[in-house]
Every structure is written in C-alpha cells, then in structure tokens.
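*Asks:* pasting the structure only:
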C-alpha cells in the first residue's frame, strides 16, 4: 500500500520558485519577447526543453539571457543520450560564465523513442537509458565542481544540477548527486514512440517522494524539490472542470484529478492554497508550468509573493 503523506520523512520547507517551460520554435523573432514577458510576469526561471524539432537548448538559453535581466535559465531537461559529458560540461560552464551565473543544469534519460531513432541512437531498455544518465551525471558533477581540466577557473557557484524522473534508479541517482530533484509525476505509456505520459496520482507521488527522501538521508534537507505542472485550469468551478478533464485523463477519477500533483485547478487563490498544501505534503517548492499556462498562472505567483525566495 502506498504511504500516506504522514509517513513521509519531514524536510525543511523551502521558499517558492516559479519557472515556465518555454519551447523555442522556428518563429525566432518572438523568442526574446516571450522571455521578457515571462520575466515581467514574475517568473524566476525560464526552462528550455531538449527535443528534436525545436531549437537548441543552449542557443535558446543564451538568447533568453540577452533578452532578460535576472531570470535564471535551466535545461529542462537535457536528454543525456544526446550529450558527451565533457562537451556538455564545457557548454554549461560557458553559458554559466557568459550569463553571470544564471544557469542551472537539468538532466534526464530522454523518453521519446522517435527522437532516439532520428538521432541514430540506441533506444535500449529503461536500464540502459538510466545507465547513460548516471554516467553523465556523475561525470558532470565532478567537472562542474573542478573544471580546471577544461580550461575554466572554478566558478564561485557552480551551476546547480537538477535530475528529473520518476523511477527508482533515477530518484536514487538524484538522492546522491542532485542539488534539485524534479519529480516528473508521470510514467511512460507502454510502447509509446512519441513519449506519451500517464500522470500518477497523489498517493503515488507520496510514495515517490518518500522513496527519494529515504535514499537521500541527510541530503534530503538541502535538495530543492521541483515538478512540472502539465496543465493549469483557472476556474471557479473545480468539480466541473475536473469532470471535463476526464475526457483526456480517463484513467483518473474527478477526485484524483483535483489532487494530482502535476495538475492545478481552481481560482488563483485556490491554486495558491493548493501549492502551499502540496509544499507541506511533498516538500515541492520549485514549480514550473507550461508555456500555454504562463499568463493564466501569473496571478498565482502574486498570491504567493510572501512565500517566495
């Protein structure tokens, strides 16, 4: 049986940070303005994904840095199969230096089989993909901490390392090496070449957070906890909205949809209260939303101004 929130080892409550997952596309001229809008709306972090079919994450991050003043920039998350760890460390350190220390390094296994095929990379098994991630994360951790072999001076503050996923081995890896753990709150649908995800419910997230916390031991108190909210629905009728959402999420009940940690439904005040409750329950204080929800979620950021970093 999944543990309840009461069984999860306690951890300090971190201040909120809010990010938006922006997807740089072929419409290049709009990218700087989109980034400026995110900063103007109060987001702390611009997160850039690593997928084929959209622009390079590092080039997009540098353009975002040039267009903004203080917002942090993160790869959310790099497909570790695409990157040589040494060359990746060089790119991260370069970006970190040129942006005045505004870069975070997000890593994952990659989950879209079609992209592996296009890149000529072996899809393999879940175990081999996690092995790649582990090799990249351990090498990157060492190189970022002491980059002199790459010709860089040791930065005053190295780029923090974020590791994202849901499975046991990825969470154990994050427990050992990550500054930030990102709970994906989703599993890959069987035999999905396009990376279709199934969201896990609140009880399953309890179990995942407890698993991470147990394996992190004393580190659990210092590792920041993140998740990507898949959908934000601003409404004054939460119950009706949840029933409507079941057409896209038939494996969840309406009650479960209202509690799923990667969904937010309600008025801005209700969503703010939900995030406060989830921070208490899971320790998740670093919350990212999708680009399509950037404007709708902004009033929630205002609601939680006193609870932010």
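*Replies:* Done, it's in. Keep in mind that what you see is a predicted model, and the values were worked out from it rather than measured.

*Asks:* burial measure for the residue nearest to residue 253 when sequence neighbours are not counted, as a count.
*Replies:* Spatial nearest neighbour of residue 253, excluding adjacent residues (C-beta to C-beta, 6 or more residues apart in numbering): residue 246 at 7.5 Å. Quick note: C-beta positions are derived from backbone N, CA and C, even for glycine. Residues near residue 246, counting by other C-beta atoms under 10 Å, number 14.

*Asks:* and if you look at residue 182?
*Replies:* 28.

*Asks:* tell me the secondary structure at it.
*Replies:* strand (DSSP: H, G, I helix; E, B strand; the rest coil).

*Asks:* residue 194 and residue 170, how far apart?
*Replies:* Distance of residue 194 to residue 170, given as C-beta to C-beta, to the nearest Å: 21 Å.

*Asks:* looking only at neighbour counts, state which of those two leads.
*Replies:* Applying other C-beta under 10 Å to residue 194 and residue 170 shows that residue 170 carries more neighbours, namely 26 against 10.

*Asks:* what is the mean pLDDT for stretch 286-296?
*Replies:* When pLDDT is averaged over stretch 286-296, the result is 98.

*Asks:* next SSE downstream of the lowest-mean-pLDDT helix or strand in the chain?
*Replies:* Each helix and strand of the chain was given a mean pLDDT (mean pLDDT, DSSP states H and E); the minimum falls on strand 186-188 at a mean of 90. Going down the chain from strand 186-188, the next helix or strand is strand 197-199, by DSSP states H and E.

*Asks:* in the stretch 151-300 of the chain, which spans are strands?
*Replies:* Taking DSSP state E, counting those that start in this stretch as the criterion, the stretch 151-300 of the chain carries its strands at 161-165, 180-183, 186-188, 197-199, 224-229, 231-234, 263-266, 286-290.

*Asks:* contacts for the third one next, please.
*Replies:* Meaning strand 186-188. 111, 166, 195-200, 230, 262 (C-beta atoms under 8 Å, 6 or more residues apart in numbering).

*Asks:* can we see that at 7 Å?
*Replies:* Contact with strand 186-188 is made by 111, 166, 195, 197-200, 262, as judged by C-beta atoms under 7 Å, 6 or more residues apart in numbering.

*Asks:* quick one: which of those residues is nearest residue 86?
*Replies:* Distance to residue 86, by C-beta to C-beta, is smallest for residue 111 among the contacts of strand 186-188, at 24.3 Å.

*Asks:* would you quantify the distance from the closest one to residue 75?
*Replies:* 15 Å.

*Asks:* swap in residue 243?
*Replies:* According to C-beta to C-beta, residue 243 and residue 75 sit 37 Å apart.

*Asks:* cool, and residue 299?
*Replies:* Here residue 299 is placed at a distance of 28 Å from residue 75 (C-beta to C-beta).

*Asks:* neighbour count for those two, which is higher?
*Replies:* Remark: of residue 299 and residue 75, residue 75 carries more neighbours, 27 against 17, as counted by other C-beta under 10 Å.

*Asks:* quick one, what contacts that one?
*Replies:* Contacts of residue 75 by C-beta under 7 Å, 6+ apart are 48, 50, 57, 105-106.

*Asks:* how about 8 Å then?
*Replies:* 47-50, 57-58, 61, 104-107.

*Asks:* next one: stretch 161-178 to chain centre, how far?
*Replies:* Distance of stretch 161-178 from the chain centroid (C-alpha atoms, centre = their mean, to the nearest Å) equals 12 Å.

*Asks:* taking strand 161-165 as reference, get the angle to the biggest helix by length in the chain.
*Replies:* Ordering each helix of the chain by length in residues (DSSP state H) puts helix 126-145 first. Helix 126-145 and strand 161-165 meet at an angle of 170 degrees, taking axes from the mean of the first three to the mean of the last three C-alpha atoms, to 10 degrees as the criterion.
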